[in-house]
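Engineer: Pasting the sequence and the predicted coordinates here, then a few questions.
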Amino acid sequence: MSERQVRPLKLVVAGPVGAGKTTFIGSLSEIPVVETDELATEEIGKERTTVALDYGKLTLDGVPIHLFGTPGQARFAFMWDVLVEGALGFVLLVAGDRPQDFPQARFVLEYLTSRHPVPFVVGVTKQDLPKVWAPEDVALYFDLPPHQVVGMNATSPTSATLALIRVLELVTGEKWQGVW
């Protein structure tokens, strides 16, 4: 009996500063996350920031998935192109409690989709907090169909996995049958 040949998948996690990209990857990764965080040199609302990438890996139903997280600041946009090259899809995270960051998230989305036409979903993080935008409202803001926007909590492995499965369904064009 021969084993099926399984090719690894590459997916990217993008979004503005503080959307939960590093946390999302950390919730899913089976290995210690490779982080390139440094002290922020400008006021961004937190002390440290990703300057190159985050990397994590997980396996769903025997399929290895490599997750690459982008820096959130526009000055590192050159890394967005590097990281999305060869990706099958991406998850754009937006913090549902920070509508002031939505224009930056729109910029990231338009930047990536104009250069890399791959399937994507928008993950609206911090759904566990009060006064947070609902996925339906974020879909309206971004002018996206509701199935392309998911509410989630980046600290929850189950929630992060469900967002990841949604993008995998868009990549494959069928319901993900994986076991997790």
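Structural biologist: Perfect, thanks for sending it. Residues are numbered from 1 along each chain as shown.
Engineer: C-alpha from now on. contacts and neighbour counts both.
Structural biologist: Noted.
Engineer: Identify the nearest residue to L129 in space, disregarding sequence-adjacent positions?
Structural biologist: With sequence-adjacent residues excluded and distances taken as C-alpha to C-alpha, 6 or more residues apart in numbering, L129 is closest to D97, at 7.7 Å.
Engineer: Would you report the backbone torsion angles of that neighbour?
Structural biologist: phi -100, psi 10 (degrees, to the nearest 10).
Engineer: Repeat that for L11.
Structural biologist: phi -130, psi 150.
Engineer: Show the contacting residues for it.
Structural biologist: By C-alpha atoms under 8 Å, 6 or more residues apart in numbering, L11 lies in contact with I65, H66, L67, F68, V84, A87, L88, G89, F90, V91.
Engineer: Pull up the gap between R7 and Q104, please.
Structural biologist: 34 Å (C-alpha to C-alpha, to the nearest Å).
Engineer: residue boundaries of the helices in this protein?
Structural biologist: Ranges of helices within the chain are 21-28, 77-84, 102-115, 135-142, 157-172, based on DSSP state H.
Engineer: Same drill for R7 and Q104, tell me which one is more crowded.
Structural biologist: Q104 (18 against 10; other C-alpha atoms under 10 Å).
Engineer: ok, the more buried one - contacts?
Structural biologist: P16.
Engineer: Can you give me the distance of it to L164?
Structural biologist: 22 Å.
Engineer: Please name the nearest non-neighbouring residue to E136.
Structural biologist: P146 is the one closest to E136 (C-alpha to C-alpha, 6+ apart), at 6.0 Å.
Engineer: Quick check: the one you found touching A134?
Structural biologist: No. P146 lies out of contact with A134 (C-alpha atoms under 8 Å); the separation is 10.8 Å.
Engineer: what's near enough to touch the residue nearest to E136?
Structural biologist: By C-alpha under 8 Å, 6+ apart, the residues touching P146 are P135, E136, A139.
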